[in-house]
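In: let's see this in three dimensions:
(one chain, ligands or ions: 3)
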Amino acid sequence: MARKEITTKEPPVLGQDPRRFALSIFLQAVVLGIVVYQMRQGGTLTAITNYAQALNPWSTPCGLLPHKEFFLVSDNVVLPSGAFPGYVHVRGQSIVSVTTGRPGADRLSLVKWRAEANPRAAVMDYGPAYVAPGLIDVHVHLNTPGRDDWEGVGPGTAAAAAGGLTTVIDMPLNSDPCTVSAKELRGKRAASRGNTEVDLGAWGGIVPANARDPGTLRAMRRAGALGFKSFLSPSGMHCFPNVSLDDVAAALPVVKALGVPYLIHAELVDADVPSGGDPRSFADFLERRPARFEHRAVRALIDLLRKDSSPYEPGFSLHIVHLVSSSLLPELAAAKAEGLPLTVETAPHYLLFSSEDVADGDTRFSCMPPIRSAANREGLWAGVADGTIDVVASDHSPSPPHMKRLEDGDFTAAWGGIAGLQYSLPASWDGAIKRGVNVSRLFDAWAARPAALAGLARKGKLRAGYDADVVVFDGEELADTGELERRHRHKVTPYDGVQLRGRVLATFVRGQMVFSADQGVSPDRCGKLLP
Ligand SMILES: *[C@@H]1O[C@H](CO)[C@@H](O)[C@H](O)[C@H]1NC(C)=O
Ligand SMILES: *[C@@H]1O[C@H](CO)[C@@H](O)[C@H](O)[C@H]1NC(C)=O
Ligand SMILES: [Zn+2]
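Out: Ligands and ions are numbered 1, 2, ... in the order given. Just a heads-up that it's a prediction; the model follows:
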């Protein structure tokens, strides 16, 4: 019976039944979509694209290097477990593989057979220099659009490339307008496109006017904001007023649900400080900006995080930007141990300089919060070593030179911000060697954890399938901190002429050489906008 039924029924023929035909095409498209999606997630599509790019004789790579496939060979390839002899195999924009041997192994014999099997690939031997993940700077002020005369994406990211940074994330101020809506974020991206030497992302801003407006925050996220930033104290920018703790509490559940970080400038200022004093005196400046401001803000934020019971998506953390007062570290460590989603950042100038170094009237050092004592600095280093301080970021905050008030040295009137993007690596590397902080922790703080903070899944580590974002630096040679090699638009910086070990030899952004010590910064501007 069954058999008979089958033979009497015409099998469906594609093309005869238009509905079935359409359904079949639709299903095939869905399957193809799923396959492509899975390949993208797994990086297979990137790998195939990179292969095609490397083999295509007509495509020339962006940047200073003509090779599309190469090996970066050194005695010090930086991994989470230490620095070892070996090589990083780069094809197109990605890392194909990372191979290391035991300490003391011969790096050239390690790479030999792989190089022979890949005759197209160039072998670039950097000897004892370090081959490390490119630095990811989550705190820069590039001032595009509207204040390009303060810095701008072009010179700012050229300084980044020269300094070994491969990704920078721009703050929602001090551009004009500030970035507090999706429209403003799109405007910033449009003004930055094609001008960036390194990969460039942006934070959105939360201010009193949008803190209770979830639609605006979600729209900023859709427009590409990697997270959000607020100030608890006046920012110095009209378009970026500070929020109250209530505003933070109102915005918090929305940011949590978006699974992105909420970065906060944590100082709560009060009027209970001595007035008057000598405007040139750095000691008086410190008294007007006591550590108490930071203590109140950080404690209030921890409290708020503890009380807010709304759920959060992975990727969220409340992120304290540029922590200065190291006496807060035990409380921060305890809050993290409690399981609160909290991350902490400090800046290289707090790790390098101390208030004892700052001469009265030397307003190059003016920043908020201010640089504190040498003892405090050592406390910060302990926080970097044990990971309570997750991230180091430059807080590159330039201004036109006249705003630094160098002529009269008035700390009460000088712009509060330090320009030092280009010296991020030597400033922290030199200090790390002196204190025995190992290279793996330093690059965890400068690359892996910043990538995690900003949700950059394929950056921050030397690992197969990751973007080939790499810095090569000589750990012994001095960085050139002279004015001639400085790429910042304005040359005023407290790093001027400071002797720091850690000279950047080459910077690669997704396999493209954007800087070399011999050739300088590439004129090509190979960076792209993230996400
Ligand atoms: C901003 O900070 C100032 C100074 O601390 C404070 O008086 C003001 O109330 C803050 N703004 C808001 C919205 O809380
Ligand atoms: C680096 O130092 C950290 C502490 O700062 C330690 O936990 C880690 O094991 C060290 N790693 C290596 C490779 O020595
Ligand atoms: Zn800043």
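In: so which bits of the chain are right by ligand 2?
Out: Counting by C-beta under 6 Å from any ligand atom, the residues of the chain lying close to ligand 2 are Ser81, Gly82, Ala385, Asp386, Asn438, Ser440, Arg441. No exception for glycine: its C-beta is placed from N, CA and C like everyone else's.
In: how about these in TSV, adding secondary structure, distance to Pro348 and pLDDT?
Out: Listed next are those as TSV, based on DSSP: H, G, I helix; E, B strand; the rest coil; distance: C-beta to C-beta, whole Å; pLDDT from 0 to 100:
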residue	secondary structure	distance to Pro348	pLDDT
Ser81	coil	25	97
Gly82	strand	23	98
Ala385	helix	15	98
Asp386	helix	18	98
Asn438	coil	17	98
Ser440	helix	18	98
Arg441	helix	15	98
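In: mark which of these are buried, thanks.
Out: Of all the residues of the chain next to ligand 2 considered here, the ones buried according to neighbour count by 16 or more other C-beta atoms under 10 Å are Ala385, Ser440, Arg441.
In: Pro61 in helix, strand or coil?
Out: Secondary structure of Pro61, reduced to three states by DSSP: H, G, I helix; E, B strand; the rest coil: coil.
In: ok, now which ones touch it?
Out: Taking C-beta atoms under 8 Å, 6 or more residues apart in numbering as the definition of contact, the neighbours of Pro61 are His67, Lys68, Gly511, Gln512.
In: same question, Val243
Out: With contact taken as C-beta under 8 Å, 6+ apart, Val243 is in contact with Ile206, Val207, Pro208, Ala211, Ser230, Phe231, Leu232, Ala251.
In: closest residue of the stretch 51-200 of the chain to ligand 2?
Out: With C-beta to the nearest ligand atom, the shortest gap between the stretch 51-200 of the chain and ligand 2 falls at Gly82, namely 3.9 Å.
In: can you name the residues bridging to that residue?
Out: Counting by DSSP bridges, Gly82 is bridged to Leu79.
In: and the gap between it and Ile95?
Out: When distance is defined by C-beta to C-beta, to the nearest Å, Gly82 is 18 Å away from Ile95.
In: returning to what we had before: return the closest of the contacts of Pro61 with respect to Ala464.
Out: Among those, Gly511 lies closest to Ala464 (C-beta to C-beta), at 13.6 Å.
In: please name the nearest non-neighbouring residue to the closest one.
Out: Ala468 (4.0 Å; C-beta to C-beta, 6 or more residues apart in numbering).
In: ditto for Val269
Out: For Val269, the nearest residue in space outside its immediate sequence neighbours is Ser233; the separation is 4.7 Å by C-beta to C-beta, 6+ apart.
In: and that neighbour, what does it touch?
Out: Counting by C-beta under 8 Å, 6+ apart, Ser233 makes contact with Asn242, His265, Glu267, Leu268, Val269, Phe293, Ala297, Met368.
In: ok, and the most crowded of those residues?
Out: With neighbours defined as other C-beta atoms under 10 Å, the most crowded of the contacts of Ser233 is Glu267; it has 25 neighbours.
In: pLDDT at it, what is it?
Out: We have a pLDDT of 98 for Glu267.
In: contacts only, for it.
Out: The contact partners of Glu267, by C-beta under 8 Å, 6+ apart, come to Leu232, Ser233, Phe293, Glu294, Ala297, Met368, Pro369.
In: do that again at 10 Å, thanks
Out: For Glu267, the residues meeting the contact criterion (C-beta atoms under 10 Å, 6 or more residues apart in numbering) are 231-234, 242, 289-298, 322, 324-325, 368-369.
In: over to Tyr37?
Out: Residues in contact with Tyr37, defined by C-beta under 10 Å, 6+ apart, are Leu45.
In: which residues in the stretch 251-400 of the chain form strands?
Out: Here the stretch 251-400 of the chain has its strands, by DSSP state E, counting those that start in this stretch, at 262-265, 318-320, 342-346, 391-392.
In: gap between the second one and the chain center?
Out: Centroid displacement of strand 318-320 relative to its chain, using C-alpha atoms, centre = their mean, to the nearest Å, is 15 Å.
In: pull the longest helix from this structure.
Out: Secondary structure assigned by DSSP state H gives helix 18-42 as the longest helix of the chain.
In: which elements pack onto the first helix or strand past it going along the chain?
Out: Sequence-wise, the next helix or strand downstream of helix 18-42 (DSSP states H and E) is helix 44-55. Under the contact definition 3 or more C-beta pairs under 10 Å, 6 or more residues apart in numbering; DSSP states H and E, helix 44-55 sits against helix 18-42, strand 69-79, strand 82-91, strand 94-100.
In: the spatially closest residue to Asp199 that is not a sequence neighbour and Arg449, how far apart?
Out: Of all residues not flanking Asp199 in the chain, Thr167 sits nearest, at 4.3 Å (C-beta to C-beta, 6+ apart). As judged by C-beta to C-beta, Thr167 and Arg449 stand 13 Å apart.
In: that'll do, ta.
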